[in-house]
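Peer 1: sequence plus predicted model, see below.
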Amino acid sequence: MKKIGVFVCWCGLNISSTVDVGKASEELKNYPGVFYADDYKYLCSDPGQELIKKTIIDNKLEGIVVAACSPNMHESTFRAAAEAAGLNPYRVEITNIREQTSWVHSNKEDATIKAIQLIKATVEKVKKSEDLFPQQIPLTKKVLVIGGGISGMTVALEVAEAGYPVILVEKEPQIGGNMAKLSETFPTLDCASCILTPKTAEVGRHSNITLMTNSEVVESSGYFGNFTVKIKRKPTFVDWEKCIGCMLCQEKCPKKTNSDFEHGMGKRKAISVAFPQAIPYRPIINEKECIYFKTGKCKMCVKVCPVDCIEFEQLENIVEENIGAIVVASGYELLPKEKLSEYGQGKYADVIDGMQFERIASASGPTEGVIRRPSDGKIPQSIVFIQCAGSRDNQKDRPYCSKICCMYTAKHAMLYKHQVHDGTATVFYMDIRAGGKGYEEFVQRAIEDDHVLYLRGRVARVYEEDGKLVVLGVDTLSSEQVRIEADLVVLATAVIPSEKAKVLGQTLKVGTDAYGFFNEAHPKLRPVESMTKGVFLAGCAQAPRDIPETVSQATGAAAKVITMFSKNHLVSDPQVAKVNEKICVGCLQCEPICPYKAIEPETIEVRIGHTVEKRQVATINKGLCQGCGACSVACRSGAMNLSGFSNEQILEELKALCL
Ligand SMILES: Cc1cc2nc3c(=O)[nH]c(=O)nc-3n(C[C@H](O)[C@H](O)[C@H](O)COP(=O)(O)OP(=O)(O)OC[C@H]3O[C@@H](n4cnc5c(N)ncnc54)[C@H](O)[C@@H]3O)c2cc1C
């Protein structure tokens, strides 16, 4: 039997007000195997850790239980203290008597009984613990950033500036993301492209950044520090190396089509660059629209190209890259207005969404910044802005707040009033969420200086009557029904994850929440890490947020990557699955269950008594295994075990709980 020490933490009043910590430590003193037990006010404090170290050394303890808060909080603190005292850190176990006991019970007597029972169970686990040793794993110091919006570019530039190579993959032909489509930005009303283009230009020329636009990650394997990814490079049908960006092809191309970049507000040619400041400033041919691809005739671009760089025969190709870390920065889209039946389901030309408004307000947009309504190009005299169009709406399965709409709606209303001084701007809102530096003041400016009319209430319906748009709603402050005839209606539609986020999540084995945004490892303490080691998150891929918050979070993700790359090798957690090859029957039931693809079959020689047998067994890739334990649950022969959470340990804990 091991010599075990038990330390019960008061956590100030957090635990001690509900659990009788003195009684718990007294009772544990008499428990079989426990050599030492005591309680202390704050075990995580310096003196608390010193107490643990001294007690381990003085009593030659062989294992310890710390009954305190969640292991998420201080497991590493107590393990480090034990290690400093010469005890293998994996001989330390935490009993969570705060989140799982004191915080969830009010009856002190019952809570104390529960705490004592849980501590005893942990003592049983420690009795069966063994020394575990982390392994060194190699590290490829190159990062893959997925998404070339402001978040992805920020990560790429930070990591590249620290001296590490970056591959930036963007699905569109150019970088910039949604910010490249914005007109001016709240709360300062700087022109978006004035603050964005220095960044895009820097990304384009940075010697440590390899830019792969028009590309997507289609496969990922490997693990923390050592991933291999396959990137699909879609054809542009133009040799970008040869192209000099003269754009004669775009000018002369006879085929006009709707521009995705303009969100249906403007046209482009079948061979084009999305916008004048695009990086890379190189055209691509839209295969579905190009006359040559459709009919075999035309080739106007070939005729006018001075450097002979049109390549109709280009095919997509796959490139493979070895990288150490991945940052997902795939951003957001807007809920299609076609899904909002109360606002016309997309059938009215003059009911547009926020991004469409950005394009008509943008100096580089289709109307050169003059706000005109799409149906007839006239300047609207009355605009109604509707916030929370699809957000904070259970019926649309989007109960969350899209966070940026209150601010950009105020901006839109302001931009309009700056152009059409005698026009009417009415905003329907549920409540105004303007929590940011200078944000509340910005909204007040819209109301007080620019005379934007804010009406609290939801809009019931938008419809057309005698060729005019009618907005029907309720002003909940006056309890009056409101009917407004509008020339233009702008919907602040819900922010949703990028269309490809789910597939990307599956490819990278990174989880998404109920709405498709990427899940962080811990909402407070690890907000830029995903649950998959080595994969980090930046920007709106994780949740809706504005540019300042996106840039801060992206800088955080970059710092995580740089910290990771500052080491010569990585250290893996030894609490991973292990196979007892003697009893593994090679059924491989565990293989499809493993979410990290860490299990593979292997033929090995097994010595049983005097004979040596060749058998197929399961093997674990320790770099890939995240220690979730799914395989040990699936293993019918009991050959699969999780180090630090062995079947035997868990059974002993259960026995102690049931006694
Ligand atoms: C109407 C409107 C107005 C706004 N105005 C303001 C404002 O004034 N001020 C402000 O602070 N914020 C504003 N915002 C918010 C701002 O747009 C975002 O904060 C910012 O764009 C988020 O950047 P991002 O890089 O996270 O995402 P994005 O800009 O969406 O960039 C993501 C990039 O990833 C790419 N991508 C997606 N999936 C993949 C994939 N699988 N593979 C490769 N690439 C992929 C996308 O093509 C895109 O280029 C506004 C938002 C809206 C909707």
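Peer 2: Right, received. Where do you want to start? Residues are numbered from 1 along each chain as shown.

Peer 1: near the ligand, which residues of this protein?
Peer 2: 146-152, 169-172, 177-179, 182, 185-186, 216, 329-332, 334, 354-355, 358, 404, 408, 411, 498, 500, 504, 539-540, 545-548, 550 (CB under 6 Å from any ligand atom). No exception for glycine: its C-beta is placed from N, CA and C like everyone else's.

Peer 1: next one: phi and psi at the residue in the stretch 151-300 of the chain that the ligand sits nearest to?
Peer 2: The stretch 151-300 of the chain approaches the ligand most closely through residue 177 (2.6 Å), counting by CB to the nearest ligand atom. Per-residue torsions, residue 177: phi 60, psi -150 (degrees, to the nearest 10).

Peer 1: ok, it touching residue 154?
Peer 2: No. Residue 177 is not in contact with residue 154 according to CB atoms under 8 Å; the separation is 11.0 Å.

Peer 1: counting neighbours, what do you get for the residue of the stretch 151-300 of the chain closest to the ligand?
Peer 2: The local packing of residue 177 (other CB atoms under 10 Å) involves 27 other residues.

Peer 1: for it, which non-adjacent residue is closest in space?
Peer 2: For residue 177, ignoring the flanking residues on the chain, the nearest one in space by CB to CB, 6 or more residues apart in numbering is residue 149 at 2.3 Å.

Peer 1: again with residue 265
Peer 2: Using CB to CB, 6+ apart and skipping residues adjacent in sequence, the residue nearest residue 265 is residue 359, 4.5 Å away.

Peer 1: list the contacts of the residue of the stretch 151-300 of the chain closest to the ligand.
Peer 2: 147, 148, 149, 150, 151, 152, 331 (CB atoms under 8 Å, 6 or more residues apart in numbering).

Peer 1: which members of the residues you listed are classed as buried?
Peer 2: Buried members of the contacts of residue 177, scored by 16 or more other CB atoms under 10 Å, are 147, 148, 149, 150, 151, 152, 331.

Peer 1: and the fifth one, that one's in a helix?
Peer 2: Yes. Residue state for residue 151 (DSSP: H, G, I helix; E, B strand; the rest coil) corresponds to a helix.

Peer 1: neighbours around the residue nearest to it when sequence neighbours are not counted, how many?
Peer 2: In space, residue 151 comes closest to residue 539 once its chain neighbours are excluded; the distance is 2.6 Å by CB to CB, 6+ apart. Neighbours of residue 539 under the rule other CB under 10 Å: 32.

Peer 1: now do the same contact list for residue 401.
Peer 2: Taking CB under 8 Å, 6+ apart, one finds 388, 391, 392, 433, 544 in contact with residue 401.

Peer 1: ok, it to residue 209 distance?
Peer 2: Distance of residue 401 to residue 209, computed by CB to CB, to the nearest Å: 34 Å.

Peer 1: swap in residue 375?
Peer 2: Residue 375 sits 43 Å away from residue 209, taking CB to CB as the criterion.

Peer 1: when these two are compared, which one has more neighbours?
Peer 2: Taking other CB under 10 Å, residue 375 and residue 209 do not tie; residue 209 has more neighbours (20 against 13).

Peer 1: residue contacts, that one?
Peer 2: Applying CB under 8 Å, 6+ apart, we find residue 209 in contact with 156, 157, 160, 165, 166, 167, 168, 203.

Peer 1: how about the third one: what's its closest non-neighbour residue?
Peer 2: If you skip the residues right next to it in sequence, residue 160 has residue 208 as its closest partner in space, 3.7 Å away by CB to CB, 6+ apart.

Peer 1: highest neighbour count among the contacts of residue 209?
Peer 2: Result: residue 156 is most packed of the contacts of residue 209 (other CB under 10 Å), 31 neighbours.

Peer 1: wasn't that one part of a strand?
Peer 2: No. Read with three-state DSSP, residue 156 is helix and lies in no strand.

Peer 1: is whichever residue of the stretch 551-659 of the chain sits closest to the ligand in a helix, a strand, or coil?
Peer 2: Going by CB to the nearest ligand atom, the ligand is nearest to residue 554 of the stretch 551-659 of the chain, at 7.4 Å. Secondary structure, three-state DSSP: residue 554 is helix.

Peer 1: for stretch 39-52, how far is the first residue from the last?
Peer 2: 11 Å (CA to CA, to the nearest Å).

Peer 1: neighbouring contacts of it?
Peer 2: Residues outside stretch 39-52 that contact it (CB under 8 Å, 6+ apart): 5, 7-12, 21-22, 24-25, 38, 64, 66, 68-69, 73-74, 77-78, 81-82, 85.

Peer 1: quick one: it to chain centroid distance?
Peer 2: In this view, stretch 39-52 has its centroid 36 Å away from the chain centroid, taken as CA atoms, centre = their mean, to the nearest Å.
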